[in-house]
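Novice: sequence first, predicted coordinates after that:
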Amino acid sequence: MNEYIKKPYYVDLSVTPFCNLKCPFCSAGAAGRMNDSKKAPFTLSKLEDIFNQLDENDVMRVSLEGGEPFTRSDIIDVLNLADKHNFWYMINTNATLITEELAKKISKTNVDKLCISIDGPEKIHDLSRGSVGSFNKMKEAVGYLNKYNVSMDGIITLTNINIDYLFETLELIKNMGISNVAIMLLASVGKAFCNKHSVEVNYNDWKKVYLKLTDLKKEDKLPVNVNIVPTGEATHPWMLYLPLHEEHREDDLKLLLSPSAISTINNNRFACTAGTDNFAIDGYGNVYGCSLMYTEKDLIAGNVYENSITDIWNNSSIFKKLREIEIDDVKGDCAECEFLSVCRGGCRVCSYAVSKDLYSSDVRCPKCERSL
Ligand SMILES: C[S@@+](CC[C@H](N)C(=O)[O-])C[C@H]1O[C@@H](n2cnc3c(N)ncnc32)[C@H](O)[C@@H]1O
Ligand code: SF4
Ligand code: SF4
Ligand code: SF4
């Protein structure tokens, strides 16, 4: 292994583990979780300490997330603290708790943008978020944020609940005044793993939708700018590669792939940047390779109440393991797959959630016949 350890480039920081909604796919395991620990959420002085350590490690980009960040009554103080640091930051939010007064205060901070979860038209969004009324509250908040010129992107988390409404949702988001949308492909972790039979998208349904998205993009007929965010940072992740390969349309691959999904890691590696380019801190101070690992307690690399971030980044055995994994180590169907050199094996935590083995195949892929 290369002994040189890169600095972390970006960090997901859960400013709280608590949430007011109950999404049946929540990767953070936050759905409906209210105060269950004296340690959480972080005090402002603990957050100041964490922000200082992020600066010391030259972190460039931070996503403040959760749980739901706006369940914190002092969220504006958190943003004012973040404003004093070197990284640029954004907030991931369900937006249901953003009042006009908060929107005005947010507009006076240096937050780069708010990424608002918008899963579908009213009934579908409410079903997806496990809470009747969440669509209307979110829509009202988007109105306030527009009024005060706060920059926003939309995020659609694609599940079996909302896949049939995707194109309607893109129009709806455009009509809300938002022009950039990320379509997050579901990671089978946390609640999404427990509820996989009701939330996981069938490959053929995905293929149909993806080919239509690609056609509309080519014809410049999408109502908003769309990026698809797969789980797995390869240049050819299987969810985007296989449908096009089957139709002999590989050249269309770059049309909808998020630039951030293109890995900077070396070609022998799994397509996973956890512990190499990025890490994540959950609402209890546990540090992981990425935020989709929050419900896999064996993947905890350290805790910010016990060790410094520099120490965890440089010395954690989990991070060492994540950095050393090479594609030749993969087990099961991926090892035999003709596409392994381009796909590079899918998402490590989605594999781990099934097998408790970081080297196993990503069995969500249709080319895997459930052989780990
Ligand atoms: C964990 S949430 C935290 C912020 C906020 N509570 C929200 O929902 O927007 C961040 C984003 O991850 C998405 N998400 C949650 N579970 C997911 C999963 N299993 N796979 C992919 N994305 C997921 C959410 O829909 C949301 O857009
Ligand atoms: S996805 Fe966000 S809004 Fe939904 S339960 Fe999880 S933290 Fe809450
Ligand atoms: S485990 Fe790796 S591949 Fe999966 S989402 Fe996290 S960083 Fe990406
Ligand atoms: S079997 Fe594995 S290597 Fe092949 S396309 Fe699927 S995830 Fe990628």
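Specialist: Okay, I see it. Numbers count the residues shown, from 1 in each chain. Ligands and ions are numbered 1, 2, ... in the order given.
Novice: quick one, strands of the stretch 251-372 of the chain?
Specialist: Remark: strands assigned in the stretch 251-372 of the chain by DSSP state E, counting those that start in this stretch are 278-281, 286-288, 302-303.
Novice: again but with the stretch 101-250 of the chain, I slipped
Specialist: 114-117, 152-158, 180-185, 225-229.
Novice: and these as CSV, adding distance to residue 364?
Specialist: Just so you know, the C-beta spots here come from the backbone N, C-alpha and C atoms, and that holds for glycine as well. Putting these into CSV (distance: least, CB to CB, whole Å) gives the following:
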stretch, distance to residue 364
strand 114-117, 22
strand 152-158, 13
strand 180-185, 9
strand 225-229, 15
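Novice: and those as TSV, adding mean pLDDT and mean neighbour count?
Specialist: Formatted as TSV, these follow (pLDDT from 0 to 100; neighbours: other CB atoms under 10 Å):
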stretch	mean pLDDT	mean neighbour count
strand 114-117	98	23
strand 152-158	98	23
strand 180-185	96	20
strand 225-229	94	19
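Novice: which of these sits closest to ligand 2?
Specialist: Among the strands of the stretch 101-250 of the chain, strand 114-117 comes nearest to ligand 2, with 6.4 Å by CB to the nearest ligand atom.
Novice: quick one: strands adjacent to the closest one?
Specialist: Sheet pairing here is set by DSSP bridges, and for strand 114-117 it gives strand 88-93 (parallel), strand 152-158 (parallel).
Novice: please see if the first one touches ligand 2.
Specialist: What that stands for is strand 88-93. No - on the criterion CB under 6 Å from any ligand atom, strand 88-93 is out of touch with ligand 2, staying 7.6 Å away.
Novice: how many residues are close by residue 245?
Specialist: By the criterion of other CB atoms under 10 Å, residue 245 has 16 neighbours.
Novice: which element is residue 80 on?
Specialist: Of the helices and strands defined by DSSP states H and E, residue 80 is found in helix 75-82.
Novice: in the stretch 251-372 of the chain, where is pLDDT below threshold?
Specialist: 258-269, 370-372 (pLDDT under 70).
Novice: give me that answer again for 80
Specialist: The stretch 251-372 of the chain contains residues with pLDDT under 80 at 257-271, 369-372.
Novice: can you show me the helices along it?
Specialist: Listed in chain order, the helices of the stretch 251-372 of the chain (DSSP state H, counting those that start in this stretch) span residues 309-315, 317-324, 333-336, 340-343, 348-355.
Novice: pull out the buried residues from the first one.
Specialist: It refers to helix 309-315. 309, 312, 313 (16 or more other CB atoms under 10 Å).
Novice: what's the closest non-adjacent residue to the last one?
Specialist: The shortest distance from residue 313 to any residue that is not its chain neighbour, by CB to CB, 6 or more residues apart in numbering, is 6.1 Å, and that residue is residue 8.
Novice: that neighbour: how many residues sit nearby?
Specialist: Neighbours of residue 8 using other CB under 10 Å come to 22.
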